[in-house]
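**Q** Provide a 3D model corresponding to the input given below.
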Amino acid sequence: MADGTVKQVNPFTGVEVWSVPGRAGKPLSESFGSQSPAALERHDQEAYCAFCRGRLLETAPEKARVVLENGVFSTQHRIPPSTYHDTDPVFRRVSNLFEILSVDYWRQNYNYKLSSRNIRWKEDYLADPVGLRHVMDILDYKMQRSGRSNEEISQVSMEDRLLMADSLFGGGHELIIVMPHYHPDAQDLEDLYATGNMTDEEHYQYYAFIIDAMMDITANNRYARSISVFKNWLQPAGATFEHLHTQIVAIDEWGESMERQIKMVVQDKNVYNSYGPNFAAHHNLVFAENDYALAYVGIGHRYPTVEIYSKSTNARPEEHTEDELRGMSDMVRAIHAAIGGRVSVNEEWHHTPMDSIFKIPWHVFIKLRINTPAGFEGGTNIYINPLTPTDLRDRIVPRLYQLRSEGSIANSIQIAEECKLKPNPLQYYKAT
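**A** Numbering: from 1, shown residues only. The predicted structure is shown next:
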């Protein structure tokens, strides 16, 4: 518009967004907390929240953990309760105690039962006195948080408790928890360990561990049709604990948005190129690229959003080769590092549902939670985004150059004018 207002409609969701001059949000370097955060009081062993390594028994039984020994990452599955402190985890995988879709949802709607493998793990875990005490304590905590009195909890039979425990061993809502809570050089309470603090190798191992969890969930729940993967970083993005973690949720349907996008692919196999990087390139919004992925500023999002797309013919995360996965991982981590760990963000994965014969490319959205939709949005369904797409691009690009020159992100990442911008860079349609 003549006054500088930028009106946008997302081609895949139909969401209408306006960026209005004078409503710019906080600079990317600003914190969402106090301007003078309190100094950090260090503990010998981190125990700042229930996700910390000093409080391992305050989460559900560990389905898996990644450890680093002699420079080699390895994954251990279904950790025996008496061995929790034998190794130092880099990442941990546990059930979410307060599931979006509970075991009862799957049980009552589909007659879901734990797989034989998870039944054996549950039996072995509860046969260990340490494991039995751990599970009973976790169930007590869940019931307390659900509003039950101590008297009511004491009257719950062991049979009912063992049925409730199914959610801890075979539920479909999980957490991948990253260690540590604060980064090594932390000085104050806002110096949290964020995605950008990882190395490229650590972030690749993190992504590989998430994908391993996705595959294990679907292998043990035949009724799941899609998997939601997301990260809520800091409280404005919906985080209960300000400790780095990713959530994985099995779902029994695609959802309206995915249904719409699959229909678009049926009508035009190249739609993700046409409305994605091709369109973005024509408007100078593609600002980072490597051999396997590219990043550009998305349009028509309620929050300022960076979209990272895999170029691969492989449309699901688990189908990617190691090089393809590393390329995506490097790009996502670079964007997080450029945005900074003190900005609240959501990270969302979007990929082809497991039972779809039509493919969409794997892509990751990083949404900056620097604005709060309010009455205007509710009354008009027009969302006010404080940053125009070019505003967001121009804030991230200088930071990417700086990080690359410092050796903090991969040298393989091309920035701004260095990007190739070949037409139709996404190769997913070749898989259909």
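**Q** hmm, M143 and V156 touching each other?
**A** Yes. Between V156 and M143 there is a contact under C-beta atoms under 8 Å: 7.1 Å. (Glycine included, C-beta is placed from N, CA and C.)
**Q** these two - which one has more neighbours?
**A** Using other C-beta atoms under 10 Å, the more surrounded residue of V156 and M143 is M143, with 17 against 14.
**Q** before we go further, the more buried one is sitting in a helix, right?
**A** Yes. Assessed by DSSP: H, G, I helix; E, B strand; the rest coil, M143 belongs to a helix.
**Q** so where's the chain uncertain?
**A** Residue ranges of the chain with pLDDT under 70: 22-36, 44, 431-432.
**Q** could you break it into its assigned domains?
**A** Listed by automatic domain parsing, the domain ranges of the chain are 6-31+234-239+257-431, 53-178.
**Q** would a markdown table of those with distance to I248 be doable?
**A** Output for the domains of the chain, formatted as a markdown table (distance: least, C-beta to C-beta, whole Å):
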| stretch | distance to I248 |
| --- | --- |
| domain 6-31+234-239+257-431 | 9 |
| domain 53-178 | 5 |
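**Q** mean neighbour count, those domains: which tops it?
**A** Among the domains of the chain, ranked by average contacts under mean count of other C-beta atoms under 10 Å, first place goes to domain 6-31+234-239+257-431 (a mean of 19).
**Q** okay, how far is it across stretch 83-97, tip to tip?
**A** Stretch 83-97 has an end-to-end distance of 22 Å (criterion: C-alpha to C-alpha, to the nearest Å).
**Q** wait, doesn't K430 sit right on T313?
**A** Yes. With contact defined as C-beta under 8 Å, K430 reaches T313; the gap is 4.8 Å.
**Q** how about the domains of the chain, which one is nearest A224?
**A** domain 53-178 (6.3 Å; C-beta to C-beta).
**Q** alpha carbons of stretch 316-328, as CSV, please.
**A** What follows is stretch 316-328, C-alpha atoms only, in CSV (Å, rounded to 0.1, in the frame of the first residue of the first chain):
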residue,chain,number,x,y,z
ARG,A,316,9.5,-37.5,5.0
PRO,A,317,12.2,-36.8,7.6
GLU,A,318,13.0,-40.5,8.1
GLU,A,319,13.5,-41.0,4.4
HIS,A,320,16.3,-38.4,4.1
THR,A,321,19.9,-39.5,3.6
GLU,A,322,22.5,-38.6,6.2
ASP,A,323,23.8,-35.7,4.0
GLU,A,324,20.3,-34.4,3.4
LEU,A,325,19.4,-34.5,7.1
ARG,A,326,22.7,-32.8,8.0
GLY,A,327,21.9,-30.1,5.4
MET,A,328,18.5,-29.4,6.9
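**Q** how distant is that stretch from the center of its chain?
**A** On the basis of C-alpha atoms, centre = their mean, to the nearest Å, stretch 316-328 is displaced by 16 Å from the centre of the chain it belongs to.
**Q** swap in stretch 239-248?
**A** With C-alpha atoms, centre = their mean as the basis, stretch 239-248 stands 8 Å off its chain's centre.
**Q** could you tell me the end-to-end distance of it?
**A** OK, stretch 239-248 end separation, C-alpha to C-alpha: 14 Å.
**Q** what residues does it touch?
**A** Residues from elsewhere that reach stretch 239-248, judged by C-beta atoms under 8 Å, 6 or more residues apart in numbering: 48-52, 96, 173-178, 181, 192-195, 206, 210, 213-214, 217, 227-235, 347.
**Q** filter those residues down to the ones in strands?
**A** The members of those that map onto strands under DSSP state E are 173-178, 227-233, 347.
**Q** residue boundaries of the helices in the stretch 1-150 of the chain?
**A** In the stretch 1-150 of the chain, the segments counted as helices under DSSP state H, counting those that start in this stretch are 103-110, 116-127, 129-145, 150-154.
**Q** the closest residue to N424 other than its chain neighbours: helix or strand, and which one exactly?
**A** Here the nearest residue to N424 in space, its sequence neighbours aside, is N273; by C-beta to C-beta, 6 or more residues apart in numbering that works out to 4.4 Å. Element membership of N273, judged by DSSP states H and E, is helix 271-273.
**Q** picking that back up, I'd like the ones in strands among the contacts of stretch 239-248 as TSV, with distance to G14 appended.
**A** Formatted as TSV, those follow (distance: C-beta to C-beta, whole Å):
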residue	distance to G14
H173	28
E174	31
L175	32
I176	32
I177	36
V178	35
I227	24
S228	20
V229	23
F230	21
K231	25
N232	24
W233	27
E347	23
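**Q** wait, which of the residues you listed is closest to E256?
**A** Using C-beta to C-beta, the ones in strands among the contacts of stretch 239-248 come closest to E256 at S228, 13.7 Å.
**Q** which positions within the lengthiest helix in the chain qualify as buried?
**A** Using DSSP state H, we find that the single longest helix of the chain is helix 200-219. Going by neighbour count (16 or more other C-beta atoms under 10 Å), the buried part of helix 200-219 is 200, 202-214, 216-218.
**Q** picking that back up, please name whichever of the helices of the stretch 1-150 of the chain is nearest to L168.
**A** Comparing the helices of the stretch 1-150 of the chain against L168 with C-beta to C-beta, the closest turns out to be helix 129-145 (6.4 Å).
**Q** just checking, what packs against that closest one?
**A** Packing partners of helix 129-145 (3 or more C-beta pairs under 8 Å, 6 or more residues apart in numbering; DSSP states H and E): helix 116-127, helix 150-154, helix 158-164.
**Q** angle of it against helix 116-127?
**A** Going by axes from the mean of the first three to the mean of the last three C-alpha atoms, to 10 degrees, helix 129-145 is angled at 100 degrees with respect to helix 116-127.
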